[in-house]
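In: next input, structure requested:
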Amino acid sequence: MSVQSWFNEIWYERATAPGWLLPLSAMYGGLSALRRYAYARLRRPAPLLRPVIVVGNLSVGGTGKTPLVCWLVEQLAERGLKPGVVTRGYGGSSRGTRLVKPTDDPQVVGDESILLARRTQVPVAVGRDRRAASQLLIDAGCNVVVSDDGLQHYARARDCEIVVIDAERRFGNGRLLPAGPLRESPARLRGADAIVLTAGGREHGSDAANGGDGLPAAAMRMRLEASFAIELRHRTAKALGAFAGHSVHAVAAIGNPQRFFDMLRSRAIEVVPHPLPDHAHLRAEDIFFADDRPVLMTEKDAVKCADIAGPQHWYVPVRAVFRAEEAAALLGIVMKSIQRRAVAA
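Out: Coordinates of the predicted model:
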């Protein structure tokens, strides 16, 4: 069993946490609260010259932030703005801040940054210092910065916070790291401008997804939709339904691989699952198997193995979908935060 699987059993499957994890969680919570207080009261960061929209989460692992960032960037661009995206560059070896090109090596700048650069077609910057990386975007002509993650990066001021929560896994066992998956207490939601619940499948989550577990009733629901697969070598597309009734290998090195497997199964695809650690560097032995079944993977994983893929390898892009009224409400919150900055300037 991998370390990630061991933690997932404790965090989400109600396995008993070893006693030695509990004082570590208490220490983590104390340091986290102290750090947030310091930035809020003692060394409040100066705002950047352009508005910053943070899309983050309270928990470790995939909640659907990146598809939401892509959706938000598209909506802002349609309204005449010039958005850019900043991300940490997880999985990459780069230690400085830099602008990302779609042709960059994902082992240097991280897999998510390449996905964002290719999908959004807007400037993308990576760096541990997200304030400095955000400034790179502003210097490149962006008039709004969208941050993929960084909710807990208090050294950078922000104008709007959108917190994304997995509608199924929620807060797991409710404990802070490392005894649980939480970076901050659910009480942190009270300071957010908007809360988005992510659900897979073809339908939006049930009404029961709103409210309960400390979630405000006004939380918006987002569906991750997949309708086709793209062959890695020649970029040809095929309807996802064409794989229905067939057995495939499914590879996912993301925070919540089970969501990807469940999404494929919801399309009547027989899945042989191959979960890998989030941001894992994929090798040939991770994506080639002893039979001739098709191999489906996530878009984030595809950017790491295009050079080694064969004709049996496909990736499945997903997109964020909202009900019209909830999309309008979320965009209204974001646009008001941008307009407030314009008035203040």
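In: so where do the strands sit in the stretch 201-345 of the chain?
Out: Assignment of strands within the stretch 201-345 of the chain using DSSP state E, counting those that start in this stretch yields the ranges 220-225, 228-231, 237-239, 247-252, 270-275, 295-298, 313-316, 319-322.
In: what pairs with the first one, parallel or antiparallel?
Out: Translated: strand 220-225. For strand 220-225, sheet partners with direction are given as strand 194-199 (parallel), strand 319-322 (antiparallel), following DSSP bridges.
In: got it, and the fourth one?
Out: Pairing partners of strand 247-252, with direction, according to DSSP bridges: strand 270-275 (parallel), strand 295-298 (parallel).
In: quick one: closest of the ones you listed to R118.
Out: Minimum separation from R118 across the strands paired with strand 247-252 (CB to CB) falls at strand 295-298, 13.6 Å. For glycine as for every other residue, the C-beta is placed from the backbone atoms N, C-alpha and C.
In: mean confidence for the closest one?
Out: pLDDT averaged over strand 295-298 equals 98, rounded to a whole number.
In: gap between that strand and the chain center?
Out: 18 Å (CA atoms, centre = their mean, to the nearest Å).
In: from here on, count from 57
Out: All right, first residue 57 from here; so that's strand 351-354.
In: outside of that strand, which residues touch it?
Out: For strand 351-354, the external contacting residues (CB atoms under 8 Å, 6 or more residues apart in numbering) are 285, 299, 304-310, 316, 320, 325, 343-345, 361, 368-372, 374.
In: most neighbours per residue, which of the strands paired with strand 276-281?
Out: strand 250-255 (a mean of 22; mean count of other CB atoms under 10 Å).
In: out of the strands paired with strand 303-308, nearest to Q177?
Out: Go through the strands paired with strand 303-308 one by one with CB to CB and the one that ends up closest to Q177 is strand 351-354, at 19.8 Å.
In: give me the below-cutoff pLDDT ranges for the stretch 57-206 of the chain.
Out: Low-confidence regions of the stretch 57-206 of the chain, defined here as pLDDT under 70, cover residues 57.
In: again, only this time at 90
Out: Scanning the stretch 57-206 of the chain with the threshold set as pLDDT under 90 gives 57-65, 69-73, 96-100, 117-118, 146-147, 150-151.
In: which residue ranges form the helices in it?
Out: Using DSSP state H, counting those that start in this stretch, the helices found in the stretch 57-206 of the chain span residues 59-68, 77-93, 121-134, 162-165, 167-176, 186-195.
In: I'd like these written out as a markdown table, with distance to T354 and mean neighbour count added.
Out: Converted to a markdown table, the helices of the stretch 57-206 of the chain look like this (distance: least, CB to CB, whole Å; neighbours: other CB atoms under 10 Å):
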| stretch | distance to T354 | mean neighbour count |
| --- | --- | --- |
| helix 59-68 | 16 | 17 |
| helix 77-93 | 29 | 14 |
| helix 121-134 | 10 | 21 |
| helix 162-165 | 13 | 20 |
| helix 167-176 | 9 | 25 |
| helix 186-195 | 24 | 22 |
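In: can you list the domains in the protein?
Out: Partitioning the chain according to automatic domain parsing yields domains covering residues 59-137+199-280+378-400, 283-373.
In: so which of the ones you listed is nearest L192?
Out: Comparing the domains of the chain by their distance to L192 (CB to CB), the top pick is domain 59-137+199-280+378-400, with 9.7 Å.
In: pretty sure G230 contacts L238?
Out: Yes - taking contact to mean CB atoms under 8 Å, the distance of 7.1 Å between G230 and L238 places them in contact.
In: neighbour count winner among these two?
Out: Ranked by neighbour count (other CB atoms under 10 Å), G230 and L238 place L238 first, with 24 against 15.
In: now, of the contacts of strand 351-354, which are buried?
Out: Of all these considered here, the ones buried according to neighbour count by 16 or more other CB atoms under 10 Å are 285, 299, 304-310, 316, 320, 325, 343, 361, 368-372, 374.
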